[in-house]
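Chemist: here's my sequence, what's the structure:
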Amino acid sequence: MRMDAASPLSPLGAARQRLAPAAAYPPGLLSQLRDADLGEEEAFLAWQMGQLASGIGEAERRDLVALVARSLISGSQGSTRMQLAAAERSLLDKVPALVGVPGERKPLIIEGGFLYYQRILACETRLAAAIRERTALPGPDPRAVRAVVAEIAASSSPRLSDEQQAAVAAALGRRLAVISGGPGTGKTTIALALARGLVRMGLPARDLALAAPTGKAANRLQESFQAGLGALPAPSPEDRALQSACPAAQTLHRLLGYSPATGRFLHHQNHRLAAQAVIVDEGSMIDLSLMERLLRALRDDAVLLLLGDADQLPSVDAGAVFRDLGTLAVRLDRSFRTDQAQSAGRRISECAAAVRAGNAGQLAALLTPRPTSAALAFDGVELVPGTEREAVLQRWYQDRIAALPEWNQLIEHEYLLGPEGFALLDDARLNRLHAHLARQRVLCVTREWPTGANPVNAFLHSLCAGPDGELVPGEPVLVLRNDYERGLWNGDQGLVLSVAQPGQAARPMAVFRLPTATASPWLAVPPEAMGDSLALAYALTVHKAQGSEHDQILLLLPEQPLPLFTRELLYTALSRARHAVVMCGSAEVLASGTVTSLTRSSGLADRLAAP
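Modeler: All right, here's what the predicted structure looks like:
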C-alpha cells in the first residue's frame, strides 16, 4: 500500500477523522516518508511506538514518533544505525521500556551514540565475529597458488590481464576474499578462473557452489561459466571435471534452503552447507542479514569468494557489507565492457568516472545537451529537458522498441507450444525478440511519482492501445517474486506473446527464457496465473536493473532532488549502458544527484577494525 497524499489513512480511525479531524502524525512526517519512497505502514509503525511510550508528555510523544520515523527512513536507505543528537538521546532515556543497551532485548538499542534496532545490532555483531574468524584462518602455500594462476592464465580464452591474474592469485590465497571492480572489468571471467584454480588445488568440482543474490544474476553467472568453459582451447582434466560436475549457479536463498512457506532457512550454524568453496557474484547486492546467514552456514574450513562493485548501489535492505569489507578487497580498474576505441563507449566511461568522483562540472562538460526529443542521436551521453518526457518516451517506443524489422509480424505471430516446447522457427523468433528488448531499457529512480517506473510503464502501455490492465503481445514483463515451482526468480524478464497449445485457442502468455533448459529454453505462463507477481517492464527502477547490461538506456531523472537520487544510483544507471545513455530531466537535479553521496551508517567496518 502506498500513501495517497490527498487522503492518508489515520490511526485515529476513519470515522473519528470525519467527525473531528485531528493530526495523528507530526507536521511534515508523511511528506518525509513519501520522499523516501515509504508508505503508510511506516508512518503507522512510528505512531504505534509513540503510543507504547509511557511517562512522557504529548509533545515529547510526537517528538518520539518523528524520531522513530527518521530511524525508519534511515533504515530504508540502508543504514544499520542512526547517530543521535544530545536532545534525541535525552528523549530516548525517558522511555526505558522501549530503549536499552547492548545485550538487552528491547526494540531499540543505543550503542556508542548510535540508535540501533536490536535485531540489526545482533546481526551486525555476529557477522563481524564470523568475518574475523574466517580471515584469521591460514591460506594455501603461496608458491602453489602462483603455479596454479600461471597455468590458468596460459590456458584462458581470452587471456587474463595482469590485473586479473593478480586478483585471482590474491583470492586463491585466502579463506575469505573480496574482489571489487566496475562494470566490464571481468569479474565473471575471474569467477571462472577462481573455480578452475580451486579444482586444480584439489577441490572436487561437486563441492563447489556458485551463487548470486538474485535469479537474474545467478542465471548470468551460469551462462558465463558455460560459455567460458566451452571456449577453453585445450581443457585440462581438471577443466573437464569442472565441465561435467560443476553445479548450476543458484540464488543465495536457494543455496541456503530458504522455504517461503515457513520463512526459515535449511542451512545455518547447526546444519552447515556441504560445499567446500562458495563463489558469489554481485556481492554488493547482499544485505547484512543475508551475508550473516551465509557466513554462519559455511563449514569452518570452507572458502568464500565474493565479487562485486563497491561503487554501485548497495543492497536494498539494511547494510553496506561489500563496502565495509573494503580493507579485504582487491580492486579492478580496467573495463572491457564499453568499446574505448569508439567515442560513445569512451564518453559513457568518462561520465561514469565523473559521477563516481562526484564531479558535477566535469559531467556537465562531457554530456551532450539536446533541446528536444527530436534532436536525440542516441549516441554517447545526452541530456534532454524534463519537459520533453512524454515526447522522449513516445520516441523511445517508436525508435527503440518498435523499430525492429518485422516487429509487427513477430509480435502478431501466433506461437505454438507443444509438449516438447516451441518449434525451432518459433525458438528463433523468440530469441530475436528477447535479444532486441534486452538491448534497451528505461530506468527510473523511484517506483512512484511522475518519473517513477509504475506511471512510466502505464504510459508506455497506453501506447499499445491495450485495455486497461490487460497485457498485449510485445510487452516486456518482470517477475516480482521468486516462483520456485516454475523456476522463475525475482527480476526475471520476459515478454507477452500470443501462444496456442494443442486443442486450445491462442491467448496472451508471458514467455520467459530458462537458461538451463535442455529442450526448448522457453517457459510460457498465463499472466493471470502469476497474479501480482508479474509487472510491466518497459521501465525498471535502477535497483531492479542492477547487474544488467544494455546497449542503450533512458534514465528519467526525478523532478526535484530526492534522498534516493545519489551518485551511487546515477553511477549504477550509467554503467548499465554499452553505447548510449539518454537522461531526461533538469541539469540542476542531475548536478544535485552527482554531488550527493549515499550515506549508509554502519558499524561493521568499525567492528572489523577494532583490535
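
Chemist: all helices for the stretch 351-500 of the chain, in order.
Modeler: Ranges of helices in the stretch 351-500 of the chain, per DSSP state H, counting those that start in this stretch, are 360-366, 389-396, 407-412, 424-438, 453-462.

Chemist: show me the shaky parts of the stretch 451-600 of the chain.
Modeler: For the stretch 451-600 of the chain, the stretches flagged by pLDDT under 70 are 465-469, 515-520.

Chemist: and the strands in it, which stretches?
Modeler: Counting by DSSP state E, counting those that start in this stretch, one finds strands in the stretch 451-600 of the chain at the ranges 476-479, 493-500, 507-513, 522-525, 534-536, 539-541, 550-556, 577-584.

Chemist: could you dump the helices of the stretch 351-500 of the chain to JSON lines with mean neighbour count and distance to P27?
Modeler: C-betas here are computed from N, CA, C, even on glycine. JSON lines is the format used below for these (neighbours: other C-beta atoms under 10 Å; distance: least, C-beta to C-beta, whole Å):
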{"stretch": "helix 360-366", "mean neighbour count": "17", "distance to P27": "33"}
{"stretch": "helix 389-396", "mean neighbour count": "19", "distance to P27": "32"}
{"stretch": "helix 407-412", "mean neighbour count": "14", "distance to P27": "51"}
{"stretch": "helix 424-438", "mean neighbour count": "16", "distance to P27": "46"}
{"stretch": "helix 453-462", "mean neighbour count": "19", "distance to P27": "28"}
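
Chemist: between these, which one is nearest to L64?
Modeler: Each of those has some distance to L64 by C-beta to C-beta; the shortest is helix 453-462, at 33.0 Å.

Chemist: could you give the angle of that closest one to helix 389-396?
Modeler: 50 degrees (axes from the mean of the first three to the mean of the last three C-alpha atoms, to 10 degrees).

Chemist: which helices and strands does helix 453-462 pack with?
Modeler: helix 389-396, strand 440-444, strand 534-536, strand 539-541 (3 or more C-beta pairs under 8 Å, 6 or more residues apart in numbering; DSSP states H and E).

Chemist: reformat the strands of the stretch 451-600 of the chain as a markdown table; add mean neighbour count.
Modeler: Shown next, in a markdown table, are those (neighbours: other C-beta atoms under 10 Å):
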| stretch | mean neighbour count |
| --- | --- |
| strand 476-479 | 23 |
| strand 493-500 | 22 |
| strand 507-513 | 21 |
| strand 522-525 | 20 |
| strand 534-536 | 20 |
| strand 539-541 | 25 |
| strand 550-556 | 23 |
| strand 577-584 | 25 |
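
Chemist: and L383, which of those strands is closest to it?
Modeler: Comparing these under C-beta to C-beta, the one sitting nearest is strand 577-584, at 4.9 Å.

Chemist: quick one: closest of the strands of the stretch 451-600 of the chain to Q250.
Modeler: Using C-beta to C-beta, those put strand 476-479 closest to Q250, at 15.7 Å.

Chemist: in its sheet, what does the closest one sit against?
Modeler: Using DSSP bridges, strand 476-479 pairs in its sheet with strand 493-500 (antiparallel), strand 534-536 (antiparallel).

Chemist: what's it in contact with?
Modeler: 215, 437, 471, 488-496, 510, 512, 527, 530, 533-538, 540, 544 (C-beta atoms under 8 Å, 6 or more residues apart in numbering).

Chemist: still on that earlier bit, redo the strands paired with strand 476-479 as JSON lines? Include distance to P102.
Modeler: Formatted as JSON lines, these follow (distance: least, C-beta to C-beta, whole Å):
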{"stretch": "strand 493-500", "distance to P102": "44"}
{"stretch": "strand 534-536", "distance to P102": "41"}
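
Chemist: of all the ones you listed, which one is nearest N457?
Modeler: strand 534-536 (3.9 Å).

Chemist: for that closest one, the distance to its chain's centre please.
Modeler: 17 Å (C-alpha atoms, centre = their mean, to the nearest Å).

Chemist: now swap in stretch 152-172 and tell me
Modeler: That offset, for stretch 152-172, works out to 27 Å (C-alpha atoms, centre = their mean).

Chemist: show the end-to-end separation of that stretch, please.
Modeler: Its first and final residues considered, stretch 152-172 spans 12 Å by C-alpha to C-alpha, to the nearest Å.

Chemist: number of residues surrounding S259?
Modeler: 11 (other C-beta atoms under 10 Å).

Chemist: next one: it from H253, what distance?
Modeler: Counting by C-beta to C-beta, to the nearest Å, the gap from S259 to H253 is 10 Å.

Chemist: spit out the residues that contact those two alike.
Modeler: Counting by C-beta under 8 Å, 6+ apart, the residues touching both S259 and H253 are F265.

Chemist: what's the closest non-adjacent residue to P563?
Modeler: A36 (5.6 Å; C-beta to C-beta, 6 or more residues apart in numbering).
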